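*Asks:* take a look and give me a structure for this.
(chains A, B and C)
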Amino acid sequence: MRNILVIIAVSIIFSISDGIVEAKGLDKGVGPYGEFWKPIPTQRYWAPDYFYTPPEEPKGVYSEEECVACHKALNPGLVKAWEESNHANFDKIDKIQDYQNIDSRLAPVTNPPYAPIGKLQDYQREKLAEIEKHLGKKLTAVGCIDCHGKIGAEKLDHAKELVMPSAAHCGECHKQEFEEFESEKRYGIPDWKPGRESHAKAYDANLGVDVWAAQDKNIVQGCDMCHNIQHKCDSCHTRHAFKASEARRPEACQTCHNGPDHPDIEYYRDSKHGSIYFIEGNSWNWNKQLKDANYISPTCQSCHMYYKGQYSHNMVRKAIMGEGDVLFYDNIFKGIKPTDYIKNSKELQSRREAWIEVCVQCHSQRFSRDYLDSMDKASDSIFHYVSDAYATIKSLYEEGILYPMPENRPKAPAPVTEKYPDLLGGFYGEFWAKGGNPSRIEKDFLYMWENDAFLVRKGLAHMNPNGFTYISWSNLLKKYVDIQSEASTLRRLAALEKKAKLRSKKIREKK
Amino acid sequence: MRNILVIIAVSIIFSISDGIVEAKGLDKGVGPYGEFWKPIPTQRYWAPDYFYTPPEEPKGVYSEEECVACHKALNPGLVKAWEESNHANFDKIDKIQDYQNIDSRLAPVTNPPYAPIGKLQDYQREKLAEIEKHLGKKLTAVGCIDCHGKIGAEKLDHAKELVMPSAAHCGECHKQEFEEFESEKRYGIPDWKPGRESHAKAYDANLGVDVWAAQDKNIVQGCDMCHNIQHKCDSCHTRHAFKASEARRPEACQTCHNGPDHPDIEYYRDSKHGSIYFIEGNSWNWNKQLKDANYISPTCQSCHMYYKGQYSHNMVRKAIMGEGDVLFYDNIFKGIKPTDYIKNSKELQSRREAWIEVCVQCHSQRFSRDYLDSMDKASDSIFHYVSDAYATIKSLYEEGILYPMPENRPKAPAPVTEKYPDLLGGFYGEFWAKGGNPSRIEKDFLYMWENDAFLVRKGLAHMNPNGFTYISWSNLLKKYVDIQSEASTLRRLAALEKKAKLRSKKIREKK
Amino acid sequence: MRNILVIIAVSIIFSISDGIVEAKGLDKGVGPYGEFWKPIPTQRYWAPDYFYTPPEEPKGVYSEEECVACHKALNPGLVKAWEESNHANFDKIDKIQDYQNIDSRLAPVTNPPYAPIGKLQDYQREKLAEIEKHLGKKLTAVGCIDCHGKIGAEKLDHAKELVMPSAAHCGECHKQEFEEFESEKRYGIPDWKPGRESHAKAYDANLGVDVWAAQDKNIVQGCDMCHNIQHKCDSCHTRHAFKASEARRPEACQTCHNGPDHPDIEYYRDSKHGSIYFIEGNSWNWNKQLKDANYISPTCQSCHMYYKGQYSHNMVRKAIMGEGDVLFYDNIFKGIKPTDYIKNSKELQSRREAWIEVCVQCHSQRFSRDYLDSMDKASDSIFHYVSDAYATIKSLYEEGILYPMPENRPKAPAPVTEKYPDLLGGFYGEFWAKGGNPSRIEKDFLYMWENDAFLVRKGLAHMNPNGFTYISWSNLLKKYVDIQSEASTLRRLAALEKKAKLRSKKIREKK
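*Replies:* Below you'll find the predicted structure:
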């Protein structure tokens, strides 16, 4: 029954995306490019709904007590974390502390940002009552079998019934949170595929990336390890303690939101918002719900989980950018500059208003509007360089001067399809290359639109001044400069070869 | 009266710099290049003394209570921060805690680095008495109108009188701190424009940068957001809590002192000094004044605010480097190597002695001298590569082989003036580029002197071993190597074109 | 007597390595390349066993009390740190706190990870009894002369007897810890020189690096500052507090384990393991021994100091990689791909099993094996690109197209010996370059195998998804792409020059 429910749930989830799920093993891939790849064993853990099957050993049917006894010996850290959780014993709720790290005598004396202890316990008790109502029975604890088998079951056939719980499984008890999370599927980024860049569709979005399908899964499982947030509540509430207090802190986001393509934690860390958090955060009360938090500085969660007066697990309702893809890449081909693009979209205008509501909690209306306006205007300057660089590369291609020309170099592996000039500097070059495909000039351009352009905007968004000047703007210009110089060299070589009659007929004809 | 005072104060401040302030609106720029640019709306907030005018709405005259009531509804975070401050109620001083995060029972039992509670309260009360003496009246709190209007006023005409307070405004009460801060204007970096690289002249220094004046303000407002420290005490003591305990921590510096051009926080973080701070800092008492702090490891503030036995808000009296500009760039044209430059300057020698006094607080005299000597000697090795790279580019230019030659490419926008060969690899290329200006080889050289060269020295200064080897020295060499290889390619192309009679007459003549 | 002991100890240590120690001054270098360089003054502090001699001043014989009195005036921070240590007064052991930062009332109520206070005191007392047994006498404190002179001596002749204590000196009391540490010399990395990449032989390994010997010591002392861990317990237990609680935290490792060549702390920080540490770590009890720690998330120490059920100061018994050198560089020349290399080594297989034992403390056996397998398989994909890039450069060399060819460019300074083609992209280019040696294409290749290739694997090892995709894999491909495009340019230039009869005879003959 439980398995059927999961299958139904998965089918519903997946039908919203492009692919069809069949695999529950490692024989073949899933999603629109499923025929081009086969899962590796670790993917059982990255997307258990699609690939997980229980290990053959141990055979036998076990009780909760047997699970704990055996795994305490085999994997003590795993059991210990569960024992620390509220799941292990609901009596703990009555002992819940008001403060994660410190007690009230140690709090700043003035205007303490702490909810009374009773309030938090009431909240936890209410939550529990709600869950018991969904389930139609009383609970005293949540144990191994509830999550790795069926909720309420007393025994588990380890080799046959063991599951890696998905978000839907958590959602059977944590109904509201799961529904909030699932609602992301209805949002995403305008002008991207529906639901794209939503946490709740992140894994399926990944399945639709051609170069991911084409590449060695031992490498690109790195994509899975973040994109699997679609299936895993423990991306933020790590197992087996599953603390809300953990998921409320900026570090909870950093494993996925870092690096050259989205240095969110780096940009936050060095902003004034982040600096204050890193100075004071350890004395704030993380057991409080976000709505009661009123910290002196915002966290990732304060801004991104807020929407029109409420906090929820839907974090994409205000999303505007779509990484560099929509604003800085797709718009090259449409010839629309960012200010026009944003101005002309009713949806984006409404999202912008929702952002203003976030900022005005601490900043003036005029400042908030002026600042976000300047972010859009800055985007036009970014777009100018990105477009100009693309024009340079495109004209090299059209004149037959790009080297090597696409027809003279290895093709990217299927299912990547190469359609030039539109694929010049395309995303596939992020993770695949071979003998001149892509060439230096194309890879530089890819880094321009995918990283630097996006980072300038992100630096502005996160109020990190270095983030949008020395770090990203200067680097955007470095790529632009390298592209111009490389283009000069390619042109000069082609002219010399023409004169020396060293160019192959084919290319000369093309030209 | 208050407005007049501000205008007088600003005039005095500005007369020390190069420009003339007129703007109090967004019609035109200020400073030596004021005619070349117009402020954007956010600059009202980055340099309120120059550009801020109150919003048109709301109209009306309001009392303190009305300010709080309305903004509590509109911008609760802003009001909350003020309520946490000592400003909100001076009675809090008597309740001031000795420890920011923890109480004495939790402190290391041995040799506790904590001042008795009474001492801190005495200090705060003394401070208050001093302020009341300046003002000639008793204070019970500092409210909205004191800072955003006139000190002691009871009403504010919002659409006419609202101000964004500058450092000078804070200085009316915090006289000593402001005077310390202002005294930076008399120091700065030898051989740079007077007062340059002083916090207290940072904004005006910025106004004198040609490429800043030339570029889109929506981008280069990132410069303003740090350089506005000239006007803003809340760069370090963030509004509206204005805590000294915050400004005493290294994270308070990181929003400006990070990134590829001055990775101070990164270098400190990974040094032993920083590692100890990040391990233990949360248990140190940040309510103590720096002179009483005696932490087991230094912070940014411990070393940079110290001068000959005293701590103050003047942080530049020991400054030697002048970023890469003086030591590694200007000296190329003078042909003076760093050790000679430093040895020959009486002023720098005296600053070096002031640094030794910092180090010997924890290290031996011999070690301190040997280490700082080796930093200078290392600078000669850096300088060797920077000079050699410049010589390569200059000779390409002189032989007409640089590509494109300055006469064949777009000119940088006014007020940037291009004077070759001295501008090859000049600073303008950090933030502006167009069609081959600057070329790859020049941008690489810019990164050499402005980033890597400076970073090697900075890595030594902050005792971060990776910071001056793998991170910067290796990267300095990477740019050097790229420059040499690019120079070879340019020479070979020119020779081939000459032979093939493909070089334009103009260039051949030049050669 | 003490000096003789030190000399004997040093001789024993050094005889395991390649060089002969003679220097106890700054006249000449030591190690296999000792004749090529002379130490700079700071190296007295980086390798005191080899180079330290006492300062000439002050002259005189001093007692402990005189040491403290004088240095308290001269270098108060240094004395303060000692006063905070247990060394200063063993009575402190009885007052030892169970918690570094917080007390038990503040600990998480559930399943507190805290050892009873008595247990820690018992441990400290036992430790002390053991030390007293080694020394054959009672101790009440460890003072200046014990460490900077002879243990138990009451007077010190400052200008003659002062020493900078080495690990061996610490080991006279801390016998077990020193023996654990020294045991690293018997491990190291298979197929590297014996003992290489062991902390306990790090400095001597460094002495054997030709480019280190050749370069300005004022720069490459950065290598010393980490590699001197061979001689210094205070690399982790910083002086003069020497806390175990400090050395147990990840930040203790970061001063050496960061940066482009081994971003261990960066990769850990953003992994889930690290995120949990940075969220919760301040509330964990760092006074506990590692074996009793059972934190909810691992630290550097949890995994790297563990071996078959025990924790020790030998951290290399499970080491597999040997940075990029063995797996990705040496194997190019042998043509062995990483999976085969690891599979064929009994020693590496046994180390792999030791790693599995670490992972299964919290993760399932199947997951742990699958994950580490995928790390090896990913290494084959990395190796494919590294090998392909090398083949490109090698063929350029063999066809005489590399530019400049080794015979036409400056030679690296002695003792670097250039043996082409095997040295193409060799390590010397990390720290030295001159006029086209190495060329751009070689330096890119160096960064491929030394940084990016290694980082992909490290990202996997530290479970940091961005670490092995956007950060390193994409950058590996960037270098690969740059190499391919540069190779094209070099080939085209050579072909054009041939046609134009512009190639020098010598090169054409070679071809």
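
*Asks:* just give me the neighbour total for A:G34.
*Replies:* 19 (other CB atoms under 10 Å in any protein chain shown). From N, CA and C alone the C-beta is placed, and that goes for glycine too.

*Asks:* shouldn't A:D330 be within a helix?
*Replies:* Yes. With DSSP: H, G, I helix; E, B strand; the rest coil as the criterion, A:D330 is assigned to a helix.

*Asks:* ok, it - contacts?
*Replies:* Neighbouring residues of A:D330 by CB atoms under 8 Å, 6 or more residues apart in numbering or on different chains: A:D191.

*Asks:* measure it to chain B for me?
*Replies:* 22 Å (CB to the nearest CB, to the nearest Å).

*Asks:* domain-wise, how is chain A divided?
*Replies:* Split into domains by automatic domain parsing, chain A comes to A:61-172, A:323-338+A:375-510.

*Asks:* kindly reformat the ones you listed as CSV containing distance to C:E130 and mean pLDDT.
*Replies:* Conversion of the domains of chain A to CSV gives the following (distance: least, CB to CB, whole Å; pLDDT from 0 to 100):
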stretch, distance to C:E130, mean pLDDT
domain A:61-172, 29, 79
domain A:323-338+A:375-510, 52, 94
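
*Asks:* can you put those in JSON lines and add distance to C:A88?
*Replies:* As requested, the domains of chain A are exported to JSON lines (distance: least, CB to CB, whole Å):
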{"stretch": "domain A:61-172", "distance to C:A88": "28"}
{"stretch": "domain A:323-338+A:375-510", "distance to C:A88": "43"}
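
*Asks:* please identify the most buried of these.
*Replies:* For the domains of chain A, average neighbour numbers computed from mean count of other CB atoms under 10 Å in any protein chain shown are highest in domain A:323-338+A:375-510, which has a mean of 21.

*Asks:* and the host helix or strand of A:M225, how far from the chain's centre?
*Replies:* A:M225 is located in helix A:217-227, with elements delineated by DSSP states H and E. How far helix A:217-227 lies from its chain's middle: 12 Å, per CA atoms, centre = their mean, to the nearest Å.

*Asks:* kindly report the same for stretch A:396-405.
*Replies:* Mean-position distance between stretch A:396-405 and its chain equals 36 Å (CA atoms, centre = their mean).

*Asks:* who touches it?
*Replies:* So stretch A:396-405 is contacted by A:393, A:406, A:420-421, A:424, A:436-437, A:439, A:441, A:487, A:490-491, A:493-494, A:507-508, A:510-511, C:485, C:488, C:492 (CB under 8 Å, 6+ apart).

*Asks:* out of those, which sit inside strands?
*Replies:* Using DSSP state E, no member of those falls in strands.

*Asks:* filter those down to the ones close to chain B.
*Replies:* The residues of the contacts of stretch A:396-405 that also fall near chain B, by CB under 8 Å from any CB of the partner chain, are A:L493.

*Asks:* ok so, going back, hmm, the helix holding A:M225 touching chain C?
*Replies:* Yes. Applying CB under 8 Å from any CB, one finds helix A:217-227 touching chain C at A:K217, A:N218, A:I219, A:V220, A:Q221, A:G222, A:C223, A:D224, A:M225, A:C226.

*Asks:* just the strands in the stretch 151-300 of chain A please.
*Replies:* Ranges of strands within the stretch 151-300 of chain A are A:155-157, based on DSSP state E, counting those that start in this stretch.

*Asks:* for chain B, what's the nearest residue on it?
*Replies:* A:S275 (4.3 Å; CB to the nearest CB).

*Asks:* what is the burial count for that residue?
*Replies:* The burial count for A:S275: 24, using other CB under 10 Å.

*Asks:* my guess is it meets B:Q254, correct?
*Replies:* Yes. Assessed by CB atoms under 8 Å, A:S275 is found in contact with B:Q254 at 5.7 Å.

*Asks:* so what sits against both of these two?
*Replies:* Common neighbours of A:S275 and B:Q254, using CB under 8 Å, 6+ apart, are A:R269.

*Asks:* which SS state does A:G29 fall under?
*Replies:* coil.

*Asks:* what sits against it?
*Replies:* Counting by CB under 8 Å, 6+ apart, A:G29 has contacts A:A23, A:E35, A:F36, A:W37, A:K38, A:P39, A:L207, A:A213.

*Asks:* try it again at 6 Å.
*Replies:* Shown in contact with A:G29 (CB atoms under 6 Å, 6 or more residues apart in numbering or on different chains): A:W37, A:K38.

*Asks:* what does A:E399 show for phi and psi?
*Replies:* Note on A:E399: its backbone torsions stand at phi -90, psi 0 [degrees, to the nearest 10].

*Asks:* between the strand or helix carrying A:F454 and helix B:217-227, how big is the angle?
*Replies:* Secondary structure from DSSP H and E places A:F454 in helix A:453-461. Counting by axes from the mean of the first three to the mean of the last three CA atoms, to 10 degrees, helix A:453-461 lies at 50 degrees to helix B:217-227.

*Asks:* helix A:453-461 packs against which elements?
*Replies:* helix A:323-324, helix A:365-398 (3 or more CB pairs under 6 Å, 6 or more residues apart in numbering or on different chains; DSSP states H and E).

*Asks:* gap between the longest one and the chain center?
*Replies:* Averaging C-alpha coordinates over helix A:365-398 and over its chain gives two centres that are 24 Å apart (CA atoms, centre = their mean).

*Asks:* and it with helix B:217-227, angle?
*Replies:* 120 degrees.

*Asks:* and the pLDDT for A:K511?
*Replies:* For A:K511, the pLDDT comes out at 38.

*Asks:* mind checking which of the helices and strands packed on helix A:453-461 is nearest A:K127?
*Replies:* Nearest of the helices and strands packed on helix A:453-461 to A:K127, taken as CB to CB: helix A:365-398 at 34.0 Å.

*Asks:* A:L290: how many residues sit nearby?
*Replies:* A:L290: 17 neighbours (other CB under 10 Å).

*Asks:* gap between the closest residue to it other than its chain neighbours and A:A293?
*Replies:* Closest residue to A:L290 apart from its sequence neighbours, by CB to CB, 6 or more residues apart in numbering or on different chains: A:Y311 at 4.1 Å. Going from A:Y311 to A:A293 by CB to CB, to the nearest Å gives 9 Å.

*Asks:* now the helices for the stretch 251-400 of chain A?
*Replies:* A:251-254, A:264-270, A:272-280, A:290-293, A:300-304, A:323-324, A:331-334, A:338-343, A:346-359, A:365-398 (DSSP state H, counting those that start in this stretch).

*Asks:* restricting to C-alpha, output the second one in CSV.
*Replies:* Coordinates of the C-alpha atoms in helix A:264-270 are reproduced here as CSV (Å, rounded to 0.1, in the frame of the first residue of the first chain):
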residue,chain,number,x,y,z
ASP,A,264,25.5,33.1,-2.7
ILE,A,265,27.1,32.2,0.6
GLU,A,266,30.3,34.0,-0.3
TYR,A,267,28.4,37.1,-1.3
TYR,A,268,26.2,37.0,1.8
ARG,A,269,29.2,36.3,4.1
ASP,A,270,31.0,39.5,3.2
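
*Asks:* what distance do you get for A:P413 to chain B?
*Replies:* 31 Å.

*Asks:* let's verify A:Y62: helix, strand, or coil?
*Replies:* Going by three-state DSSP: A:Y62 is strand.

*Asks:* so where's the stretch 251-400 of chain A shaky on pLDDT?
*Replies:* For the stretch 251-400 of chain A, the stretches flagged by pLDDT under 70 are A:323.

*Asks:* could you tell me which residues of it lie near chain B?
*Replies:* Neighbours of chain B within the stretch 251-400 of chain A, by CB under 6 Å from any CB of the partner chain: A:270, A:272, A:275, A:278-279, A:282-283, A:294, A:296, A:360-362, A:366-367, A:370-371, A:374, A:377-378, A:381.
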